[in-house]
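Novice: What follows is a predicted protein model with its sequence.
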Amino acid sequence: MTTEAVFRIRRGGAADDPAERFDRFRVALRPRMTVLDALVAIQSGEEPTLSFRYSCRVGMCGTCALRVNGRPRWACRTRVEGLGGEVRLEPLTHFPVLRDLAVDMAVFFEKMKRARGWLEPSGEAAREPVRLAPESPERRRIEPHIECITCGICYAACGMVGHMPDYLGPAALNRAFTLVADSRDGRGAERLAEVCGEHGAWRCHSQFNCTEACPKGISPSDAIQALKRRALAGGARALAASLLRGLAPGSSRPTA
Amino acid sequence: MHTRKTDILILGSGGAGLLAALAARDRAPGLDILVAVKGLFGKSGCTRMVQGGYNAALSPGDSAGNHFLDTLEGGAWINDQELAWTLVSRAPDCVRRLETVCGCFFDRNPDGTIHQKAFAGQSFDRTVHKGDLTGIEITNRVSEQLVRRGVPVLEEHRAVALLPARGGEKRIAGALLLDIRTGEFVAVNTKCTLLATGGGPTLYRISACAQELSTDGMAIAWEAGAEFCDMEMVQFHPTGILTGEGLQITGTLLEEGLRGAGGHLKNALGERYMARYDAERMERSTRDVVARAGYTEIIEGRGTGRGGVFIDVSHLGRDFVWKNFKGMAERCRDLGYDLAGGPVEVTPTAHYMMGGVKIDPGCRTSLPGLFAAGEDAGGTHGANRLGGNGVANSTVFGEIAGEVMAEAANEAPRLPFDPEAARRAEETALSALGGDGSPYPIRAALKDLMWEKVGLRRTGARIEEAIGEIAELRERAARTRAGGGKAYNLAWQHVLDVRNQLAAAELIARSALERDESRGSHFRDDIPHPRPEGLYNIFLRKEGAGFRMERRPVRFTRMRPGEARIAPVSSYVD
Amino acid sequence: MDSANAPQPTARPPLWDLTAWRALYPGMWAWLLQRLSAVAVLVLFPLHVINPYVDWIRVAMLACVTWHAMHGIKVLLTDFGFPARHQRKLLAVLSVLGLASFLGLAFLHRGYWRFLG
């Protein structure tokens, strides 16, 4: 039975420590130990200057995400058992590194902002909590997508974000979908136009990396496809309407 | 060090900080507001970790009066009744605003009205929730609204000191922040400062809260001379998961809903031990009773080999458990347990500090210019907090603080702060860097001694020992200098953390020694009963190099034990 | 969000990093191979037009077109709402179907395999 694991941890990337390198650490294995436990053991023992980030340690805050053997995961809920004798830890892709494993998430929240990732309550919904059954089609559409904890894992996993840094990315589009589908929101059409613009949903190539990687089991892929369908339906309706207007008697368009 | 001016500075972005920023911005859009948070915005602190939910008397059959009475009974009658009344009377509107202003959507009944579930110690099913991950919905939705409104945020900036006004006027004129990413200091000059950093009893061996919390707000408020109340009252939650001692996830909660729904607690012999402690309410007894019962089973040798007991919800059925407690079931699964399939090992875990900075119902502290809300403030919950009153407390008082500060900042002056105080505070913070010392042995020693001597069961002698040990550890911590550079140096931050934790630990121990009775979560084996009358609160403040402690009788402004009369609603603004 | 730090260069694994390749998910492989097969068809098709009787080009064309078509169907189904949580299964089914049709067609036109000797 293995009693210890070797961690190869990517270091550096900081203004005062720019040289990127891998450092090796041996950590005594304990039953049910997580990657976070290993990081804490290394940092509070052998290497106090190792930098990483965590808060809740239980999968709620979404700040301890990093790459474990190449795949983005939460450190706090990834058990070391089963990762192999040598575990490689690196910062999330697509985020600027602050130092070692800690990244700057500002870019990710900037995308949320560009997707107008907030509810703009209108009408009755701005006055009283709406009466809406949990089994209503609306809530059934939204609920599977609403529990996102904005950990950035889907964003790091997304092939298109890597290819095109301006792309809004899975989390922002997932949030946009929950808002477009929400009858309480007063911005539906504009929001849809925004998130289906140049850097929006159409840039998704259905690689499913976000859905595969999401530790919450959320499928941003489905949300993005739903946004595309809504945009298409909206476009088709607008086209039909303008054609009808064009054909209607009395319109400004010259008719034959 | 550079200086930055603002009208309102909010320290923290949990429930209290977020709601304060939102309320202040919406009430006074012209004011400059700045939020500074130790971690990432909206992702730091414990509101995020709220599983259970939010108590609010929304249903026609319920009333603020019922909620008030439950809160006082739960708090063993030493609550500040004005704070408790403010909490229960504003909670329903606060829940509504979380939906109508912020965009939260809490779980619904089949008819579309807001669902409220059963929680321990309550006479009515009044806990509003979003599955078993209520805090994520609240912090996500409120932080989004602040992004929408463009409120500026300093992330990974911790407050290291409150700055008094220059020239001896007794007023807080700002705070000194430390940018964790660069190690540089920012002195913020402001009219109003809100402490909303959360308490977080991480100074116990096993704790439930977010791990970056280190009683920072309390420590800096203590240094600045604010008055504190009831610091001995530390809540232990009965069911923190136990995967192994020292493992990070140990101590995080399996929430109260499990017991509310009929889960069983068993010791290693398979007995439902609550029968010995509260035969009537069994597992649904209040947290203090259930946690102490579990602890007693463990220390009397009826616990598991690793120092735990079991919670068993398997008899509720697999589908029920997965439908209602999905977050917990997934967490257990990731750790290799089957929550729906059988008993899971749990331990009591330090969860919440009922004590804190003394505030009035407008969140004003004893220091002009300084406000406090959420777990930094004390008094609302008395000797024991009801499950579901925590996030209600932080959001209700956060909102109030925002409103009151918005008014105050329109009138109050922005006095220059004392530059000498800022320089001294910077020096003190830097004194934790530049050596090769380690904060970890000190932190471990503190956690152990608090757990064993000022924990779930205390005695005068043990508390006195603890006070001596804390003093020694404080000296060691004052001499400890971490290695490494200034930028993103966790070891340096942890030295600062442990210094703050030691400051709070001393307050807890001093108050615990002063309270010569057992009440709520404060239990003394040497005096195992509450005093039948002469109820009191314990107040502490810094005086010179020492402190001043006094007992004051509880003010029964609205209700006396045994009475059931509710006074009319009064406004929180004097 | 207010950040005093100038962002550092983004961490991205280099192409020769095998751990990164091993970390790719099946859906990503499917996507990559579909794009590669498209490029391959672009090269093979003109060769096929210039000389339609080169057997290995025919076989390679058949393989690439079948693969590309099968995953085109996957994209199509996804666009019309096929749930992403079943995409691995869909990928597996379509890959098997693709392989079967390739083998079937290859068997019908087994004369083309002469180039293998």
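Specialist: Looks like it came in fine. All figures in this text were calculated on a predicted structure; none of them were measured in a lab. Numbers count the residues shown, from 1 in each chain, chains lettered A, B, ... in the order given.
Novice: ok now do residue A:174, which residues does it touch?
Specialist: For residue A:174, the contacting residues are A:145, A:148, A:154, A:218, A:220, A:223-224, by Cβ atoms under 8 Å, 6 or more residues apart in numbering or on different chains. In this view, the C-beta of every residue, glycine as well, is placed from N, C-alpha and C.
Novice: Just the strands from the stretch 101-250 of chain A, written as ranges.
Specialist: Assignment of strands within the stretch 101-250 of chain A using DSSP state E, counting those that start in this stretch yields the ranges A:102-103.
Novice: Tell me the residue of it that sits nearest chain B?
Specialist: Across the stretch 101-250 of chain A, no residue is closer to chain B than residue A:119, which sits at 2.7 Å (Cβ to the nearest Cβ).
Novice: Does that residue touch residue A:180 like I think?
Specialist: No: using Cβ atoms under 8 Å, residue A:119 is not in contact with residue A:180; the gap is 11.0 Å.
Novice: quick one: whatever residue of the stretch 151-300 of chain B ends up closest to chain C from residue B:104, how far?
Specialist: Here the stretch 151-300 of chain B gets closest to chain C at one residue, residue B:152, 5.0 Å apart by Cβ to the nearest Cβ. Separation of residue B:152 from residue B:104 (Cβ to Cβ, to the nearest Å): 24 Å.
Novice: same check, this time on residue B:186
Specialist: Following Cβ to Cβ, the distance that separates residue B:186 from residue B:104 is 32 Å.
Novice: do residue B:504 as well
Specialist: 32 Å.
Novice: Pick out whichever of the two has more residues nearby.
Specialist: A count of neighbours by other Cβ atoms under 10 Å in any protein chain shown puts residue B:504 above the other of residue B:504 and residue B:104, at 29 against 22.
Novice: contacting residues around the residue nearest to that one when sequence neighbours are not counted?
Specialist: Distances taken as Cβ to Cβ, 6 or more residues apart in numbering or on different chains put residue B:215 closest to residue B:504, at 3.8 Å, once the chain neighbours are dropped. Residues near residue B:215 by Cβ under 8 Å, 6+ apart: B:199-203, B:353, B:500-501, B:503-504.
Novice: and those, which of them are in strands?
Specialist: residue B:353 (DSSP state E).
Novice: Rebuild the contacts of residue B:215 as TSV, extending it with pLDDT.
Specialist: Output for the contacts of residue B:215, formatted as TSV (pLDDT from 0 to 100):
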residue	pLDDT
B:199	90
B:200	84
B:201	94
B:202	96
B:203	97
B:353	98
B:500	98
B:501	98
B:503	97
B:504	98
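Novice: circling back: wait, what's in contact with the residue of the stretch 101-250 of chain A closest to chain B?
Specialist: Taking Cβ under 8 Å, 6+ apart, we find residue A:119 in contact with A:179, A:182, A:184-185, B:102-103, B:141, B:144.
Novice: now swap in residue B:446 and tell me
Specialist: Contacts of residue B:446 (Cβ under 8 Å, 6+ apart): B:203, B:470, B:473, B:498, B:501-502, B:505.
Novice: what are the ranges of the helices in the stretch 151-300 of chain B?
Specialist: Remark: helices assigned in the stretch 151-300 of chain B by DSSP state H, counting those that start in this stretch are B:216-224, B:257-260, B:274-277, B:287-299.
Novice: Find the residue ranges of the chain scoring beneath the pLDDT cut-off.
Specialist: Let's take chain A. Along chain A, segments meeting pLDDT under 70 span A:1-2, A:248-256.
Novice: that answer is for a different chain, and I need it for chain B
Specialist: B:564-574.
Novice: of all the helices of the stretch 151-300 of chain B, which lies closest to residue C:39?
Specialist: helix B:257-260 (54.9 Å; Cβ to Cβ).
Novice: what residues are up against residue A:103?
Specialist: Counting by Cβ under 8 Å, 6+ apart, residue A:103 has contacts A:91-92, A:95-97, A:152, C:11.
Novice: hmm, try it at 6 Å
Specialist: A:91-92, A:95, A:97 (Cβ atoms under 6 Å, 6 or more residues apart in numbering or on different chains).
Novice: wait, what's in contact with residue A:77?
Specialist: Taking Cβ under 6 Å, 6+ apart as the test, what residue A:77 contacts is A:59, B:334.
Novice: Same check on residue B:442?
Specialist: With contacts defined as Cβ under 6 Å, 6+ apart, residue B:442 is in contact with B:473, B:476-477, B:498.
Novice: most neighbours, which of those residues?
Specialist: Neighbour max across those (other Cβ under 10 Å) = residue B:498, 29 neighbours.
Novice: name the helices or strands packed onto the helix or strand containing it?
Specialist: Applying DSSP states H and E as the criterion places residue B:498 in helix B:490-514. Judged by 3 or more Cβ pairs under 6 Å, 6 or more residues apart in numbering or on different chains; DSSP states H and E, helix B:490-514 is in contact with helix B:216-224, helix B:440-453, helix B:460-479, strand B:482, strand B:536-543.
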